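**Q** what's the 3D shape of this:
(one chain, ligands or ions: 1)
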Amino acid sequence: MASPTTVIDGRARARTLQLQVAFDVERLAGLGVRCGLATVLVGSDYAAEAYARRLRRAATAVGIEHRHHHLPPDTTREEVLALVVRLGADPAVSGILVLRPLPPHLDEGEIFTALDPAKDIEAVHPENAGLLALGRPRFVPSTPASVFHLLDAWLDEVDIAGEAFYGASTICVVGRSNNVGKPLTTLAAERGAVVVSCDENASRTGRLARYTRLGDVLVVAAGVPGLIRPEHVAPGAVVLDVGINPVRDPATGRTHLVGDVDPAALSVARAATPVPGGVGPVTDVWLVQNTVLAAERAAKHR
Ligand SMILES: Nc1nc(=O)c2c([nH]1)NC[C@@H]1CN(c3ccc(C(=O)N[C@@H](CCC(=O)O)C(=O)O)cc3)C=[N+]21
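**A** The predicted structure is shown next:
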């Protein structure tokens, strides 16, 4: 009989991280350094609005000011660019996050390029994305960072040396988005793992399970609810579910968030992160931590 799956507790890990971040905020306040987080959302999106609310809670919990700029869906390119530039020049703002998705009339790349790289806490500015790809990150983007934070903590708990584990492992990443899938493959390669990266082409051509079953670690960031079924998981793999999919319950009419991993697949794994309560809660705190890091660096360069 296989042993039961360990549920990796993201909320507990987030609480520990939050204590460290709160300590740093206080230390900086003692030096007269204030941290501020600005978020920008254009139009409405269920998951993005949920995330902005979580970030407000995470920021205020550690004594950081959060300003959310919620713009109407028809906001022009010039108006968004002006806001991003204004936030870049605002000394009360140390970190800026532009929420996805942006409406189709806005060019995401152009807006990210207008960010002050020193405040780009999600590393979407080309300079920061480049530094990350070169292995010299200015900021490690919060979602992929949280995946490895949880994985490293789990390895520590089961007393497996990280270096030996990654060196002998294959990590399969499903999804190739700029903010999650791509940086995940970079970070996985940096740890010395064999990396398998796939996207919807693998599903479309019926080869998804062939690749996902190669993973000693399977990270899923596809944005497809229930995509990963038991047959996609190698027995004993560690599964990290990054999916955040709004699903409307027809019985109650209420919307809630589900992951990319079908709960039935979890029993095949050795350990897995749940949704909710897995990668998400760590992501919030990590982003706040990056904001603190940005403030600290800005103070040094004053
Ligand atoms: N530039 C950018 N970066 C992002 O990281 C980003 C984004 N844009 N746009 C929107 C999506 C969505 N997203 C969420 C993460 C966690 C929860 C969340 O609530 N997580 C809970 C679920 C709780 C529940 O079920 O309600 C958890 O994982 O425990 C929601 C939403 C980040 N996103």
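**Q** by contact count, what packs against the helix or strand hosting Trp154?
**A** Secondary structure from DSSP states H and E places Trp154 in helix 142-157. Under the contact definition 3 or more Cβ pairs under 8 Å, 6 or more residues apart in numbering; DSSP states H and E, helix 142-157 sits against helix 10-30, helix 162-167, helix 181-190, strand 238-241, helix 279-300. For the C-beta atoms, the positions are set from N, CA and C on the backbone; glycine is no exception.
**Q** pick the most buried one from these.
**A** Per-stretch averages of neighbours, counted by mean count of other Cβ atoms under 10 Å, single out strand 238-241 among the helices and strands packed on helix 142-157, with a mean of 28.
**Q** for that one, name the packing helices and strands.
**A** Other helices and strands packing on strand 238-241, by 3+ Cβ pairs under 8 Å, 6+ apart, are helix 142-157, strand 217-220, strand 271-272.
**Q** give me the angle between the longest one and helix 10-30.
**A** By that I understand helix 142-157. Taking axes from the mean of the first three to the mean of the last three Cα atoms, to 10 degrees, one finds that helix 142-157 is oriented at 110 degrees with respect to helix 10-30.
**Q** and for helix 142-157, what's in contact with it?
**A** 6, 8, 10, 13, 17, 121-122, 161-162, 165, 179-180, 183-184, 186-187, 191, 217, 219, 221, 238, 240, 242, 271, 273, 278-279, 282-284, 286-287, 290 (Cβ atoms under 8 Å, 6 or more residues apart in numbering).
**Q** filter those residues down to the ones close to the ligand.
**A** Counting by Cβ under 6 Å from any ligand atom, 122, 179, 278, 283 from these sit close to the ligand.
**Q** per-residue pLDDT, whichever residue of the stretch 151-300 of the chain sits closest to the ligand?
**A** Going by Cβ to the nearest ligand atom, the ligand is nearest to Gly280 of the stretch 151-300 of the chain, at 2.1 Å. Confidence at Gly280, expressed as pLDDT, is 97.
**Q** what's stretch 209-218 in contact with?
**A** With Cβ under 8 Å, 6+ apart as the criterion, stretch 209-218 contacts 151, 169-172, 174, 188, 193, 196, 198, 202, 228, 231-234, 236-240, 269.
**Q** 6 Å instead?
**A** 169-172, 196, 198, 202, 231-232, 234, 237-239 (Cβ atoms under 6 Å, 6 or more residues apart in numbering).
**Q** what residues does the stretch 201-302 of the chain put near the ligand?
**A** Counting by Cβ under 6 Å from any ligand atom, the residues of the stretch 201-302 of the chain close to the ligand are 244, 256-257, 275-278, 280-281, 283.
**Q** show me which of these are buried.
**A** 244, 257, 275, 278, 280-281, 283 (16 or more other Cβ atoms under 10 Å).
**Q** tabulate those residues in a markdown table, adding columns for distance to Gly32.
**A** Output for these, formatted as a markdown table (distance: Cβ to Cβ, whole Å):
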| residue | distance to Gly32 |
| --- | --- |
| Ile244 | 37 |
| Leu257 | 39 |
| Val275 | 40 |
| Gly278 | 37 |
| Gly280 | 33 |
| Pro281 | 31 |
| Thr283 | 29 |
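**Q** center of this structure - which residue?
**A** Nearest to the mean C-alpha position of the chain, by Cα atoms, centre = their mean, lies Thr143 at 1.3 Å.
**Q** distance of that one from Asp249?
**A** Remark: distance between Thr143 and Asp249 (Cβ to Cβ, to the nearest Å) = 26 Å.
**Q** what about the helix or strand containing Leu131, near the ligand?
**A** Taking DSSP H and E as the criterion, Leu131 maps to helix 126-133. No: judged by Cβ under 6 Å from any ligand atom, helix 126-133 stays clear of the ligand, getting no closer than 12.9 Å.
**Q** show residues contacting that helix.
**A** With Cβ under 6 Å, 6+ apart, helix 126-133 has contacts from 117, 120, 123, 137-138, 186.
**Q** nearest to His66, of those residues?
**A** Asp120 (16.9 Å; Cβ to Cβ).
**Q** circling back to that earlier point, grab the two from the residues of the stretch 201-302 of the chain next to the ligand that are most spread out in space.
**A** His256 and Thr283 (17.6 Å).
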